[in-house]
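> just to be clear, the model below is a prediction. Sequence and coordinates:
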Amino acid sequence: MQKERPTIVTDDASAAVKQWFSMLSRYCASENYNSTRAIFARDVASFGTKADIVVGLDLLQTNQWESVWPNIQDFQIDVDNIVSGGSENTAWGIATWTSTGFDEDGSSFHRPGRATVVLERRDGVWVSLHTHFSLNPGTPPRTYGPAGRDR
């Protein structure tokens, strides 16, 4: 089986956004931090469902991804309904996503949200400069992970 190369090199800004969201959806669901890092700029600035403002890839991984991804399941971005645009070297996109969250007792709940991404093409490769992930209004803000998992 051939290993996926986590780079986006298309000339089309909207296609880059769709590829980026598709890759992130797979990487988050599988907790693949290394491949995720490859589609982000080192100087990324982000908001998240847990992290307020983070600047820098290491802080994004530590303060957002590692705090949330192990505590959710079934993460999936709706890549068929992305709204996007851009130009030769800048792209933007918005999408909705779903996941399963877990209350403190381990019972599951629907955890929907929305996302924004800004991409920049650097040396021919599209990377994320900015992301903003938020939960839909009324969604519990914290997920504890599935029952039976060390918390």
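Ah, there it is.

> I'd like the next helix or strand past the host helix or strand of residue 120.
Element membership of residue 120 [criterion: DSSP states H and E] is strand 113-122. Counting by DSSP H and E, the element after strand 113-122 in chain order, helix or strand, is strand 125-135.

> longest strand of the chain?
strand 90-102 (DSSP state E).

> next SSE downstream of that strand?
strand 108-110.

> run through this protein and note the low-pLDDT ranges.
1-5, 148-151 (pLDDT under 70).

> give me the most central residue, the chain.
By CA atoms, centre = their mean, the chain has its centre lying nearest to residue 24, at 5.1 Å.

> now that one: which helix or strand?
Using DSSP H and E, residue 24 falls in helix 13-29.

> can you name every helix or strand that that helix contacts?
helix 33-38, strand 73-77, strand 83-86, strand 90-102, strand 113-122, strand 125-135 (3 or more CB pairs under 8 Å, 6 or more residues apart in numbering; DSSP states H and E). Yep, even glycine has a C-beta here, placed from its N, CA and C like the rest.

> could you dump the ones you listed to CSV with distance to residue 54 and mean neighbour count?
Below are the helices and strands packed on helix 13-29 laid out as CSV (distance: least, CB to CB, whole Å; neighbours: other CB atoms under 10 Å):
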stretch, distance to residue 54, mean neighbour count
helix 33-38, 14, 16
strand 73-77, 19, 18
strand 83-86, 23, 16
strand 90-102, 19, 20
strand 113-122, 15, 19
strand 125-135, 10, 19
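
> okay if I get the ones you listed as TSV plus distance to residue 63?
Below are the helices and strands packed on helix 13-29 laid out as TSV (distance: least, CB to CB, whole Å):
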stretch	distance to residue 63
helix 33-38	13
strand 73-77	18
strand 83-86	26
strand 90-102	18
strand 113-122	17
strand 125-135	12
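
> nearest to residue 10, of these?
strand 125-135 (7.4 Å; CB to CB).

> what angle separates the closest one from strand 113-122?
Interaxial angle of strand 125-135 relative to strand 113-122 (axes from the mean of the first three to the mean of the last three CA atoms, to 10 degrees): 160 degrees.

> quick one, strand 125-135 and helix 13-29 angle?
60 degrees.

> before we move on, back to that, how far off strand 113-122 does the longest strand of the chain point, in degrees?
On the basis of the same axes, to 10 degrees, strand 90-102 is oriented at 140 degrees to strand 113-122.

> which strands and helices sit next to strand 90-102?
Using 3+ CB pairs under 8 Å, 6+ apart, strand 90-102 is in contact with helix 13-29, strand 73-77, strand 83-86, strand 108-110, strand 113-122.
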